[in-house]
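Trainee: The following comprises the amino acid sequence and a computationally predicted model.
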Amino acid sequence: MSRPTAIGYLRRDVSGCSQPWHETQIRSLAKRFGYELAKTVVFGADTDGPVDRLLNVVRAVGAEAVVVPSAEHFGGKVPERVVRVCDVITVSPQYTYARSYASPFLGDGA
């Protein structure tokens, strides 16, 4: 049985000299949560549209989750549009922003 896929994500300008440690934390948490880490996407401050680019990678590999050192790597707040596509798991503090699925029981007027 194959494990679900995750993508690591970090911003090198946020990690600074801690980048190797952050990458280790991403790999460790993904493994502990039962994910196969496909790759870690690393962007810098000069990357245009980092969230759009991250979502392109998530969709291309069919990732179920993005593991990130902290919300600071998204500018302080995990983008809702990422959570609509996959779970986002922060290392510190450890928290899962679970994507929500539309219930088949809601909205039918019954």
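Mentor: Cool, got the structure. Remember, predicted model here, so these are calculated numbers, not experimental data.
Trainee: ok, longest helix in this protein?
Mentor: The longest helix of the chain (DSSP state H) is helix 19-32.
Trainee: List the contacts of whichever helix or strand comes after it.
Mentor: Where DSSP states H and E defines the elements, the next helix or strand beyond helix 19-32 is strand 36-43. By Cβ atoms under 8 Å, 6 or more residues apart in numbering, the surrounding residues in contact with strand 36-43 are 2-12, 19, 23, 26-27, 30-31, 50, 53-54, 57, 61, 63, 67. In short, each C-beta sits where N, CA and C put it, glycine included.
Trainee: of the residues you listed, buried ones?
Mentor: If you count burial by 16 or more other Cβ atoms under 10 Å, the buried members of the contacts of strand 36-43 come out as 5-11, 19, 23, 26-27, 30, 50, 54, 63, 67.
Trainee: Which other helices and strands does the longest helix of the chain contact?
Mentor: Applying 3 or more Cβ pairs under 8 Å, 6 or more residues apart in numbering; DSSP states H and E, we find helix 19-32 packed against strand 5-11, strand 36-43, strand 65-68.
Trainee: Show me what the mean pLDDT comes to for the next helix or strand after the last one.
Mentor: Translated: strand 65-68. Once the chain leaves strand 65-68, the next helix or strand it forms, by DSSP H and E, is helix 80-83. What helix 80-83 shows for mean pLDDT is 96.
Trainee: got the contact list for V61?
Mentor: Counting by Cβ under 8 Å, 6+ apart, V61 has contacts T5, I7, A38, K39.
Trainee: If we only consider the buried ones among the contacts of strand 36-43, which is nearest to S100?
Mentor: A63 (17.0 Å; Cβ to Cβ).
Trainee: now, the most widely separated pair of the buried ones among the contacts of strand 36-43?
Mentor: Most distant of those, by Cβ to Cβ, are T5 and Q19, 22.2 Å apart.
Trainee: Just the pLDDT for the residue nearest the centre of the chain.
Mentor: By Cα atoms, centre = their mean, the chain has its centre lying nearest to V66, at 1.9 Å. On pLDDT, V66 comes in at 98.
Trainee: Any figure for the gap between it and C17?
Mentor: Distance, V66 to C17, by Cβ to Cβ, to the nearest Å: 23 Å.
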